[in-house]
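Student: Please find the sequence and the predicted model below.
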Amino acid sequence: MAVRVVFLGKLADLAGTDERDIAGPLDWDGLLATLSDPLAEAVAGERTRIAVNGTLLSDKTALSAADGDEVALLPPVSGG
Amino acid sequence: MAVRVVFLGKLADLAGTDERDIAGPLDWDGLLATLSDPLAEAVAGERTRIAVNGTLLSDKTALSAADGDEVALLPPVSGG
Amino acid sequence: MAVTVRLLDTPFNPGALVGPFTNAHPGLGGVCTFVGEVRGEADVEALELMHYAPMTLPGMEALASEAVARFGLMGLLMVHRTGKMHPGEPIVLVSACAEHRRGAIDAVDFCMDHLKSDAWFWKREQRGGTWRWIEPRADDHRDLARWK
Amino acid sequence: MAVTVRLLDTPFNPGALVGPFTNAHPGLGGVCTFVGEVRGEADVEALELMHYAPMTLPGMEALASEAVARFGLMGLLMVHRTGKMHPGEPIVLVSACAEHRRGAIDAVDFCMDHLKSDAWFWKREQRGGTWRWIEPRADDHRDLARWK
């Protein structure tokens, strides 16, 4: 079991996949380090938010995920 | 043939009828003179408007109808 | 584009009108529909809508044209009952098609505000066997004033 | 009162949902419905909506509860498609029942503004064989800000 990282919207295109497993524990610097440059840049952008196990982080740089957690990377939404 | 006076909404209740024929020509004073007191009062009220042959008068006291015309007395509306 | 305005003196089924109306506008982005019904208040037995033929339908047609121009609609359907109705029966239907939702929603809002207190209808309610004429609520006048 | 929120990954027929929803609320004064469809622009071949299961439906349910409380609704139906769609297919349906028209119309307006730019959906369009992610328009952000 690892940390499952889920890429939504255009981040899935940049990642070339919808999700990826990364060995935990995973913090903000660890997350950025595993991502390609354009993807890390998009994730660091102020309009990208992060949720852990379905709960939005108010400060994404405080990310702290353990094996078995699901980390969702959420770019700007657009529905309807 | 005469002037047909049409009573709408609560004015029909006050008049006891939906319409009445009155010999023309008919002006504002002539109209009021043919109506019962409560009806004349309601028609004179600022929220009652008058149309002649389907066209609203901007000044109802300028009423001037001839035999064959239809004069509609229009109290405040309420639809939908 | 279809602009349809109807006065009906018998009950109507909103769904049977909105489906074909929507289908007649391929390419639309959104359709907004409002249906008003006779409210089922405990003591309301019936409701009656009186209109004045020479003015009511022409007035609705002018309102429809104004809404189409103001909100850039692709289509507009406006149906209003007259005569005697009972709780649960539809009184009024307005449906607007537009490219974006804002035009469709605002057009319905605009038409309903005008039909409620600026169209040639007179409404009365029967409660406990007694008929009473209804005038627009203060809210209705405020709603109408938003569009001036 | 019925509050129904659904995510669907296959096409739906708005009329088949709105009829039963309306009938389930006898006594209502008005029902307002908005249906958004994939716009038939000349070069749009398809549209795809991605969602995130752990958050999208819970977010819609929270939005529905907020609308019911804020506008005093008698009932609310909120349906959103996911997956791949083609021009003319419904994407979203919001239908609100209330005692008066204002609550019903405003609730639909409120829900649509939030679904458009404050719900967990990601939309992309295919034009000329190429997919492109869509972000809300400036108008959408302005619309959303009206409710703060």
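Tutor: Yep, that arrived. Only a predicted model underlies this, so the values are computations on that prediction, with no experimental measurement involved.

Student: going forward, measure contacts and count neighbours with C-alpha atoms only.
Tutor: Fine.

Student: Residue C:91 touches residue C:8, doesn't it?
Tutor: No: here residue C:91 does not reach residue C:8: they are 9.4 Å apart, not a contact under CA atoms under 8 Å.

Student: any residues in contact with both of the two?
Tutor: C:80, C:81, C:82 (CA atoms under 8 Å, 6 or more residues apart in numbering or on different chains).

Student: center of chain C, which residue is that?
Tutor: For chain C, the residue sitting closest to the mean C-alpha position, by CA atoms, centre = their mean, is residue C:92 at 3.9 Å.

Student: picking that back up, so for residue C:91 and residue C:8, which residue has more residues nearby?
Tutor: residue C:91 (30 against 14; other CA atoms under 10 Å in any protein chain shown).

Student: ok, that one - contacts?
Tutor: Remark: with contacts taken as CA under 8 Å, 6+ apart, residue C:91 is in contact with B:80, C:35, C:36, C:37, C:38, C:80, C:81, C:82, C:85.

Student: Using pLDDT, spot the least trustworthy of these.
Tutor: Note: of the contacts of residue C:91, the lowest pLDDT belongs to residue B:80, at 81.

Student: got the contact list for it?
Tutor: Residue B:80 sits next to C:36, C:80, C:91, C:92, C:112, C:115, C:116 when contact means CA under 8 Å, 6+ apart.

Student: State the three-state secondary structure for the last one.
Tutor: Translated: residue C:116. helix (DSSP: H, G, I helix; E, B strand; the rest coil).

Student: next one: phi and psi at the residue nearest to the centre of chain C?
Tutor: Residue C:92 adopts backbone torsions of phi -150, psi 150, taken as degrees, to the nearest 10.

Student: list the contacts for it?
Tutor: Neighbours of residue C:92 in contact, by CA under 8 Å, 6+ apart: B:80, C:34, C:35, C:36, C:37, C:78, C:79, C:80, C:81.

Student: residues from chain A in reach of chain D?
Tutor: Contact residues (CA under 8 Å from any CA of the partner chain) of chain A with chain D: A:8, A:9, A:10, A:53, A:54, A:55, A:76, A:77, A:78, A:79, A:80.

Student: The residue lying closest to the last one once chain neighbours are set aside: how many residues sit nearby?
Tutor: It stands for residue A:80. What sits nearest to residue A:80 in space, not counting adjacent residues and going by CA to CA, 6 or more residues apart in numbering or on different chains, is residue D:116, at 4.7 Å. Residue crowding around residue D:116 was assessed by other CA under 10 Å; the count is 23.

Student: I'd guess residue A:41 is in a strand, am I close?
Tutor: No: going by three-state DSSP, the assignment for residue A:41 is helix, not a strand.

Student: Can you tell me which of the contacts of residue C:92 comes closest to residue D:127?
Tutor: The shortest separation between residue D:127 and any of the contacts of residue C:92 is 33.9 Å, and it belongs to residue C:34 (by CA to CA).

Student: Pretty sure the closest one sits against residue C:108.
Tutor: Yes: applying CA under 8 Å, one finds residue C:34 in contact with residue C:108, separated by 6.8 Å.

Student: Next one: the closest residue to chain B within chain C from chain D, what distance?
Tutor: Chain C approaches chain B most closely through residue C:116 (4.4 Å), counting by CA to the nearest CA. Between residue C:116 and chain D the distance, using CA to the nearest CA, to the nearest Å, works out to 10 Å.

Student: before we move on, what about residue A:26?
Tutor: Look at residue A:26 and chain D: by CA to the nearest CA, they are 20 Å apart.

Student: what residues are up against residue C:105?
Tutor: So, once contact is read as CA under 8 Å, 6+ apart, residue C:105 ends up touching C:31, C:32, C:96, D:34, D:105, D:109.

Student: tell me which element it is part of?
Tutor: helix C:101-117 (DSSP states H and E).

Student: Please see if the first helix or strand past that helix going along the chain touches chain D.
Tutor: Note on helix C:101-117: by DSSP H and E, the next helix or strand toward the C-terminus is strand C:121-127. No: among the residues of strand C:121-127, none lie within reach of chain D under CA under 8 Å from any CA; the closest is 14.3 Å away.

Student: Can you list the strands that strand C:121-127 pairs with?
Tutor: According to DSSP bridges, strand C:121-127 has the following sheet partners: strand C:44-51 (antiparallel), strand C:130-134 (antiparallel).

Student: wait, isn't the residue nearest to residue A:80 in contact with residue D:134?
Tutor: No: distance between residue D:116 and residue D:134: 11.1 Å, which falls outside the contact criterion (CA under 8 Å).

Student: residue ranges for the helices of chain A, please.
Tutor: Ranges of helices within chain A are A:10-15, A:28-34, A:37-44, based on DSSP state H.

Student: Find the closest residue to chain B in chain A.
Tutor: When you check chain A against chain B by CA to the nearest CA, the closest residue turns out to be residue A:80, at 29.6 Å.

Student: Would you confirm that residue C:101 contacts residue D:39?
Tutor: No: proximity of residue C:101 to residue D:39 does not meet the contact threshold set by CA under 8 Å, at 11.2 Å.

Student: Between those two, which contacts overlap?
Tutor: Common neighbours of residue C:101 and residue D:39, using CA under 8 Å, 6+ apart, are residue C:29.

Student: max-length helix in chain C?
Tutor: Ranked by residue count and defined by DSSP H, the top helix of chain C is helix C:53-71.

Student: on that earlier part again, quick check: neighbours shared by residue D:116 and residue D:134?
Tutor: Here residue D:116 and residue D:134 share the contacting residues residue A:78, scored by CA under 8 Å, 6+ apart.

Student: Please, which helix or strand holds residue C:35?
Tutor: Taking DSSP H and E as the criterion, the element that holds residue C:35 is strand C:30-37.

Student: Revised request: answer the last question for residue C:73.
Tutor: Element membership of residue C:73 [criterion: DSSP H and E] is none; it lies in no helix or strand.

Student: And it, how close does it get to residue D:1?
Tutor: Distance, residue C:73 to residue D:1, using CA to CA, to the nearest Å: 33 Å.

Student: which of the two has more neighbours?
Tutor: More crowded of residue C:73 and residue D:1, by other CA under 10 Å: residue C:73, with 23 against 11.

Student: residues in contact with the residue most central in space within chain A?
Tutor: With distances taken as CA atoms, centre = their mean, residue A:73 lies nearest the centre of chain A, 3.4 Å away. Applying CA under 8 Å, 6+ apart, one finds that residue A:73 lies in contact with A:5, A:6, A:7, A:8, A:11, A:43, A:48, A:49, A:50, A:51.
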